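Asker: all I have is the shape, not the residue letters:
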């Protein structure tokens with residue numbers, strides 16, 4: 001092992017998100033960022049030289065040097081690379097959509113349990129301060145309906161994942177934190193507009209309590225928007241996940257209020273939670289059961305679109 005203080009961490013994947021994982025991990029107290037691996041050695045080398053770490057073209061050369069891995073690669077590579085990490089006994093943060101399939105995700109979770117290591121998903125919106133404040137405002141309230149919109153221009157970097165597993169995945173996860181009761185009906189429609197995969201999808205979900213949720217995700221929209229609107233018996237509350245604010249209208253008052261939220265770096269919070277779950281042997285922020293639940297729901301939405 002490379003000498004140094006802190007948990008020895010490696011990053012696999014030197015794309016835009018991998019660079020961010022490496023940059024933030026390099027500055028985290030209690031972490032010793034050892035290296036970054038990518039099949040494109042020049043991409044890995046560029047990150048490595050900026051951070052003073054080692055670059056590898058083969059992730060298997062990185063694994064013996066680390067205790068934990070952030071795996072940030074295209075979805076189609078998730079299963080094999082993650083299995084290699086777990087077989088080597090490494091704790092693992094695997095970016096969403098966590099292989100994009102429930103059967104392979106279950107296999108990874110079972111392998112992590114067998115090896116006695118931590119496994120979790122990279123779902124950065126769980127750490128969005130506007131979402132966390134929304135949860136606080138909704139405590140004790142009966143939810144009647146939820147409307148979520150995640151809209152963006154077309155991302156040229158996405159080539160192997162549809163909009164459900166690329167974008168809506170975040171909101172299917174957040175929804176089940178907001179309304180944890182059973183979903184009894186799923187209706188959805190989708191369109192392929194700029195790629196051969198679904199680029200826009202809208203899902204209508206009926207909960208056992210009678211609440212209705214609508215989720216729209218589009219990667220062919222003209223601008224970026226990330227909003228969650230929740231209707232309760234007393235309030236209409238809107239969380240702007242992008243601009244970090246809460247808009248609250250009390251049905252008993254004619255004057256709405258806007259609550260500003262102090263921004264935080266969500267990826268920093270996500271990585272800190274991952275490290276603490278390893279060091280303190282605490283539950284991960286996103287549990288294996290929650291990962292499977294979201295994958296199952298995403299697959300159900302995709303099936304309804306066909």
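Answerer: Received the coordinates, thanks. These numbers come from a predicted model, not from an experiment. Numbers count the residues shown, from 1 in each chain.
Asker: residue 195: how many residues sit nearby?
Answerer: Summarising burial for residue 195: neighbours were counted as other C-beta atoms under 10 Å, giving 18. Any C-beta I mention is one placed from the backbone N, CA and C, and that applies to glycine too.
Asker: quick one: it from residue 72, how far?
Answerer: Residue 195 sits 21 Å away from residue 72 when distances are taken as C-beta to C-beta, to the nearest Å.
Asker: ditto for residue 210
Answerer: For residue 210, the distance to residue 72 equals 39 Å [C-beta to C-beta].
Asker: host element of the residue of the chain most remote from its centre?
Answerer: Going by C-alpha atoms, centre = their mean, the residue of the chain most distant from its centre is residue 254, 36.9 Å out. Element membership for residue 254 (DSSP states H and E) is empty, with no helix or strand holding it.
Asker: what's the answer for residue 213, then?
Answerer: Assigned by DSSP H and E, residue 213 falls within strand 212-218.
Asker: find the residue ranges of the stretch 101-250 of the chain scoring beneath the pLDDT cut-off.
Answerer: Scanning the stretch 101-250 of the chain for pLDDT under 70 picks out the ranges 156-159.
Asker: in space, what's closest to residue 263 - neighbours in sequence excluded?
Answerer: When the adjacent residues along the chain are set aside, residue 263 lies closest to residue 244, with 5.0 Å between them (C-beta to C-beta, 6 or more residues apart in numbering).
Asker: burial measure for the one you found, as a count.
Answerer: The local packing of residue 244 (other C-beta under 10 Å) involves 17 other residues.
Asker: ok, it - contacts?
Answerer: 128, 129, 130, 260, 261, 262, 263 (C-beta atoms under 8 Å, 6 or more residues apart in numbering).
Asker: give the contact list for the fifth one.
Answerer: Meaning residue 261. Each residue near residue 261 by C-beta under 8 Å, 6+ apart is listed here: 129, 130, 133, 244, 245, 246.
Asker: closest one to residue 303 out of the residues you listed, please.
Answerer: residue 130 (31.0 Å; C-beta to C-beta).
Asker: on that earlier part again, compare residue 210 and residue 72 (neighbour count), which wins?
Answerer: A count of neighbours by other C-beta under 10 Å puts residue 72 above the other of residue 210 and residue 72, at 24 against 12.
Asker: doesn't residue 12 make contact with the more buried one?
Answerer: Yes - with contacts defined as C-beta atoms under 8 Å, residue 72 counts as touching residue 12 at a distance of 6.8 Å.
Asker: overlap in contacts, those two.
Answerer: Both residue 72 and residue 12 are in contact with residue 18, where contact means C-beta under 8 Å, 6+ apart.
Asker: what residue lies at the spatial centre of the chain?
Answerer: Among the residues of the chain, residue 123 comes closest to the average C-alpha position under C-alpha atoms, centre = their mean, at 1.7 Å.
Asker: that one contacts residue 93, doesn't it?
Answerer: No - with contacts counted by C-beta under 8 Å, residue 123 stays clear of residue 93, the gap being 10.1 Å.
Asker: any common contacting residues for these two?
Answerer: With C-beta under 8 Å, 6+ apart applied, the overlap between the contact sets of residue 123 and residue 93 consists of residue 270.
Asker: residue contacts, residue 67?
Answerer: For residue 67, the set of contacting residues under the criterion of C-beta under 8 Å, 6+ apart consists of 7, 8, 9, 90, 91, 278.
Asker: how many neighbours does the fifth one have?
Answerer: What it means is residue 91. For residue 91, the neighbour count with other C-beta under 10 Å is 26.
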